[in-house]
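**Q** The sequence and its predicted three-dimensional model are supplied below.
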Amino acid sequence: MHHVTVGATADEAYFRDEIDRLNRIRRLAVVLDRFAWRCEIFCQLTTHVHCLLEVPNDSLPLGMHHLNTAYALVFNERHLRRGTLQRARYWSGVKKDSDALLAAYRYIALNPVEAGLTDDPVKWRWSSFATSCGIRDAYPFVDASRVIGELGGNPHALRGLAA
């Protein structure tokens, strides 16, 4: 399991509007399918995005290159922008045990709350947390079964993890 994050250069917005956000989500879904990855959770903020991904092989660099390049090209074209969008190619931290996996999931789920964007992670539209909890079905490509399994198999237990 990889906790992956990527963000914009300097203080620039990585997402300027809903079109940018939806474009990144669609591109994530394509990469998940193309590289046979599984996404436990993702969360888009203003300047960066987090994902918790199961990558069954060594395809993380290639998949992230594909995702980041495709997103940056469309972003730059839409916003009449030139140059590097991402501050770095991406950051990834491997989660090797249950405690690290749950901590990463909790961190990602609570990121919009910590950033002051919402008071409840379920309310943040640009996170898959509500989908993982079984509250909404906005992101059918998200599969939080590994985290849910660590919590005894109950998707509603995710709410307690992010409380």
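**A** Good, I have the coordinates.
**Q** hey, let's count contacts and neighbours off CA atoms from now on
**A** OK.
**Q** mind listing the strands for the chain?
**A** 2-7, 38-44, 48-54, 91-94 (DSSP state E).
**Q** hmm, who's touching the last one?
**A** Strand 91-94 has contacts (C-alpha atoms under 8 Å, 6 or more residues apart in numbering) with 1, 2, 3, 4, 5, 6.
**Q** partner strands of it, parallel or antiparallel?
**A** strand 2-7 (antiparallel) (DSSP bridges).
**Q** So what touches the partner strand?
**A** Outside strand 2-7, the residues within contact range by C-alpha under 8 Å, 6+ apart are 14, 47-55, 86-95, 104.
**Q** Now list the buried members of the residues you listed.
**A** For the contacts of strand 2-7, a burial check counting by 16 or more other C-alpha atoms under 10 Å picks out 14, 47-55, 86, 92, 95, 104.
**Q** Pick the one among the residues you listed closest to residue 36.
**A** residue 55 (7.5 Å; C-alpha to C-alpha).
**Q** from what I can see that closest one touches residue 1, true?
**A** Yes. Checked against C-alpha atoms under 8 Å, the pair residue 55 and residue 1 is within contact range at 6.5 Å.
**Q** Any idea what the residue nearest the centre of the chain is bridged to?
**A** In the chain, the centroid-proximal residue (C-alpha atoms, centre = their mean) is residue 42; its distance is 2.4 Å. Per DSSP bridges, the residues bridged to residue 42 are residue 51.
**Q** which residues does it contact?
**A** Residue 42 sits next to 49, 50, 51, 52, 108, 127, 128, 129 when contact means C-alpha under 8 Å, 6+ apart.
**Q** which residues in the chain form helices?
**A** Secondary structure of the chain (DSSP state H): helices at 18-35, 60-78, 98-114, 129-132, 145-150, 157-161.
**Q** correct me, but residue 49 touches residue 41?
**A** No. Counting by C-alpha under 8 Å, residue 49 stays clear of residue 41, with 10.8 Å between them.
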